[in-house]
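> got a sequence here, can you model it:
(2 chains)
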Amino acid sequence: MLITVEQATQRIQAGEVLLLAGDESLLKQLPQGTWIGGTIPYFMSETGGQCNTQLLFAHPLPKDVRVTKIHHYTETELEQIPEDAPENGFSVIIIPATSAAHVAYAQNAPSYPNIFFKPIIGWIAGVHLDQVGEISPKVFNGQTTEMTEQAAVVMHVSLPQDQVALINIFNLFEQGEGDEIYFEEEGFSISNCLVNGKSHNFAQYLLEKKVDIKYPLVADYCGAMVNVSFQGIDIENRTVNLYAPVFAHTAYKIAAPVEDYVSAFQRAFPEGVEPIFACNCILNYLYSELEGKKTGAIVGPMTFGEVAYQLLNQTLVYLEIKRV
Amino acid sequence: MVNNMLPTKNHTIWIELVTGQCGYRCQAVPASMMLARVIRSVQRDSSPENIQRCVSEIHDFFARYERVLQQDINAIFGLSH
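Modelled structure (predicted):
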């Protein structure tokens, strides 16, 4: 829900546990309490998609959760997150875009010890698109109100034994019918690829194939479709820049086009889902022109990257709590 | 946790899983990502030691989440019969 600074302050002072997103100037005004936050001015709200620098987006957590730890993790500390997480619960991570922690988490999270043993969900903090490069994204530890642009902030949350946290992703993109693409080099900036076993310059390949880079690369992770979005093609340096790293030994395909995100969303999103947290990608907001449009009960920040265990792009991620 | 449903670690289904031979596609996101992780690991290092380590890791994962991964467990277990 979108709330004012005053409303957020009242909720924090009343002892609520909040996951917050909003403009840096708003988050800086909040008192100490059990909250974490990250900067972003784009939201999917109950009244539709919007850019708003006057209100904060709040996901209040249920009253029966227990926050066990809130901590800033530098890039070298990130792999401790599963160890610090409670045995039964979940962790919420917010990482400033382009920070050392962002790069480290993107490249290494799938290899962290026990990363898939404890649910971790979150997002990459950003800024207004007109201010990219001028202002750095920030994250906040509400317990101390400490702000940083380099480290991730994580809230570890414990659940009662009869509850379990389930992380899900909703991705409208599927692998298209085109070539299967492999990469021998891993990272955000790629020169070469293998197409049908033959080496190509990736930038040249995309240009020759006239690939619409609004549509991501999609890898099938044994049933989960994982997107890697294109930042741009650097023609001069013959490289392709991505918003998440590609990995070796993984088959990618260019996504099949999605013509109308909102209609496709309404057709495909499962009924009865009641997330306690959700976020979606700024690229879906932009490319699918979501400003003023609604995506049902799914509300939250529109972010510079999404985390469902590992970094994702152009994907909606959400957290449910189920009784077992 | 008592594993009444899971095959034991020495069941061949686990080796088929981590080597990607059965091509199973999971319903649950963490199971998908976990399976993809161990398959990639085995593609990088197919030594018996690494295969066994990956079998142990994914078995422990499914044992931990047996309560919530029933659909995938039933399907994978079914593949071996």
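> how about the residues of the stretch 201-324 of chain A near chain B?
Contact residues (CB under 8 Å from any CB of the partner chain) of the stretch 201-324 of chain A with chain B: A:220-224, A:226, A:247-250, A:308-310, A:322, A:324. Placement of C-beta: from N, CA and C, glycine included.
> now, among those, which is nearest to A:Gln50?
Closest approach to A:Gln50 among those (CB to CB): A:Ala308, at 24.2 Å.
> quick check: phi and psi at A:Phe140.
phi -130, psi 140 (degrees, to the nearest 10).
> I'd say it and A:Leu26 touch.
No. The criterion here is CB atoms under 8 Å, and A:Phe140 misses it with A:Leu26 at 10.5 Å.
> need the contact list for the residue nearest to A:Thr145 when sequence neighbours are not counted.
Spatial nearest neighbour of A:Thr145, excluding adjacent residues (CB to CB, 6 or more residues apart in numbering or on different chains): A:Gln32 at 5.5 Å. Residues in contact with A:Gln32 (CB atoms under 8 Å, 6 or more residues apart in numbering or on different chains) are A:12, A:142-145.
> ok, A:Glu16 to chain B distance?
As judged by CB to the nearest CB, to the nearest Å, A:Glu16 and chain B stand 27 Å apart.
> again, but for A:Val258
Using CB to the nearest CB, A:Val258 is found at 20 Å from chain B.
> what does chain B put close to chain A?
Close to chain A, as judged by CB under 8 Å from any CB, chain B has residues B:24-37, B:39-40, B:43-44, B:60-61, B:64, B:67-68.
> at 10 Å what do you get?
B:17, B:20, B:23-44, B:57-58, B:60-61, B:64-65, B:67-68, B:72 (CB under 10 Å from any CB of the partner chain).
> so which of those residues sit within helices?
Among those, the subset assigned to helices under DSSP state H consists of B:17, B:29-44, B:57-58, B:60-61, B:64, B:72.
> list buried residues within the contacts of A:Gln32.
By neighbour count, with 16 or more other CB atoms under 10 Å in any protein chain shown, the contacts of A:Gln32 hold A:12, A:142-143, A:145 as buried.
> which ones are touching the residue sitting nearest the centre point of chain B?
When CA atoms, centre = their mean is applied to chain B, the residue found nearest the centroid is B:Ile58 (4.6 Å). By CB atoms under 10 Å, 6 or more residues apart in numbering or on different chains, the contact list for B:Ile58 reads A:116, B:9, B:14, B:17-18, B:31, B:34-35, B:37-39, B:76.
> who does the residue lying farthest from the centre of chain A bridge with?
Relative to the centre of chain A, the most outlying C-alpha is that of A:Lys198, 33.1 Å out, by CA atoms, centre = their mean. For A:Lys198, the beta-bridge partners under DSSP bridges are A:Val195.
> again, but for A:Thr303
A:Cys281.
> may I see the buried residues of the worst-scoring helix or strand of chain A on mean pLDDT?
In chain A, no helix or strand scores lower on mean pLDDT, DSSP states H and E than helix A:261-268, which sits at a mean of 79. Neighbour counts over helix A:261-268 (16+ other CB under 10 Å) mark A:261-262, A:265 as buried.
> Throw the residues you listed into JSON lines and include distance to B:Pro48, thanks.
What follows is these, written out as JSON lines (distance: CB to CB, whole Å):
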{"residue": "A:Tyr261", "distance to B:Pro48": "47"}
{"residue": "A:Val262", "distance to B:Pro48": "51"}
{"residue": "A:Phe265", "distance to B:Pro48": "46"}
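> assign A:Val103 to helix, strand or coil.
helix (DSSP: H, G, I helix; E, B strand; the rest coil).
> correct me, but it touches A:Ser189?
No. With contact defined as CB atoms under 10 Å, A:Val103 does not reach A:Ser189; the gap is 11.1 Å.
> overlap of the contact sets of these two?
Counting by CB under 10 Å, 6+ apart, the residues touching both A:Val103 and A:Ser189 are A:Pro245.
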